[in-house]
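S.K.: My questions concern the predicted model and sequence given below.
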Amino acid sequence: MKKTGLLFSIVLLLTSCPMDYEHRIGVKNNSNQIIVVTGKHILPDTILPETPNELITININAEQTIAGSRVGDKDLRRMDRGEKLTLFVLSKDSVISYPWEYIRKNNVILKRYEFDFQEFNKIGWITYP
C-alpha cells in the first residue's frame, strides 16, 4: 500500500501544473569584478528604473539564472504583448558606493541588454562582458 501511495505522489509531482513554469535567462560573469544585474520592462525609456525589482549579484567567473519574477514578470506576458525586457549590468562597487538615484541619474551602468520575447527564448544565456 505504501508503494502505491509513493508511486502516486511521484506521478503527481511529475505531472504538475504547467502554470508553475517560469521563463528564465542565464547570465555569466566573465569579467574581473563582481557585477549586479537588474531588469525591467521600461520602454520607450532606456534609463534605469526608478526602483529596481531586484539586484542580483553575480560573482567573478560565476553564472546566475534570472527568473522572470525577479524582473517583475514571471511568465513574461508583457513581452508577449510586444514589450521588451531590459537587463542592466552594474558594478557591485558602484551599487555599494552610490545611492540608486545617483546611479540612475548618471547612468552608472556597465552594459544594457534588451530582448523581445523571441530573442529572449532563443538566447537563453548572455555572457558579460
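M.R.: Nice, I can see it.

S.K.: List the contacts of the residue nearest to Ala62 when sequence neighbours are not counted.
M.R.: Nearest-residue entry for Ala62: Asn29, 5.6 Å, with adjacent residues in sequence omitted and distances by Cβ to Cβ, 6 or more residues apart in numbering. For the C-beta atoms, the positions are set from N, CA and C on the backbone; glycine is no exception. Counting by Cβ atoms under 8 Å, 6 or more residues apart in numbering, Asn29 makes contact with Ile35, Ile58, Asn59, Ile60, Asn61, Ala62, Glu63, Gln64, Tyr128.

S.K.: any chance of those in CSV, plus distance to Ser91, pLDDT and neighbour count?
M.R.: Shown next, in CSV, are the contacts of Asn29 (distance: Cβ to Cβ, whole Å; pLDDT from 0 to 100; neighbours: other Cβ atoms under 10 Å):
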residue, distance to Ser91, pLDDT, neighbour count
Ile35, 7, 98, 27
Ile58, 11, 97, 20
Asn59, 13, 98, 12
Ile60, 12, 98, 12
Asn61, 16, 97, 10
Ala62, 15, 97, 13
Glu63, 18, 95, 14
Gln64, 16, 92, 16
Tyr128, 11, 96, 16
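
S.K.: So which of the residues you listed are in helices?
M.R.: Residues of the contacts of Asn29 located in helices (DSSP state H): none.

S.K.: Just the closest of those to Glu50, please.
M.R.: Distance to Glu50 across the contacts of Asn29 (Cβ to Cβ) is lowest for Ile35, with 21.1 Å.

S.K.: which residues touch that closest one?
M.R.: Ile35 sits next to Asn29, Thr57, Ile58, Val89, Leu90, Ser91, Lys92, Leu110, Tyr128 when contact means Cβ under 8 Å, 6+ apart.

S.K.: hang on, Ala67 packs against Arg24?
M.R.: Yes. Using Cβ atoms under 8 Å, Ala67 makes contact with Arg24 at a distance of 5.0 Å.
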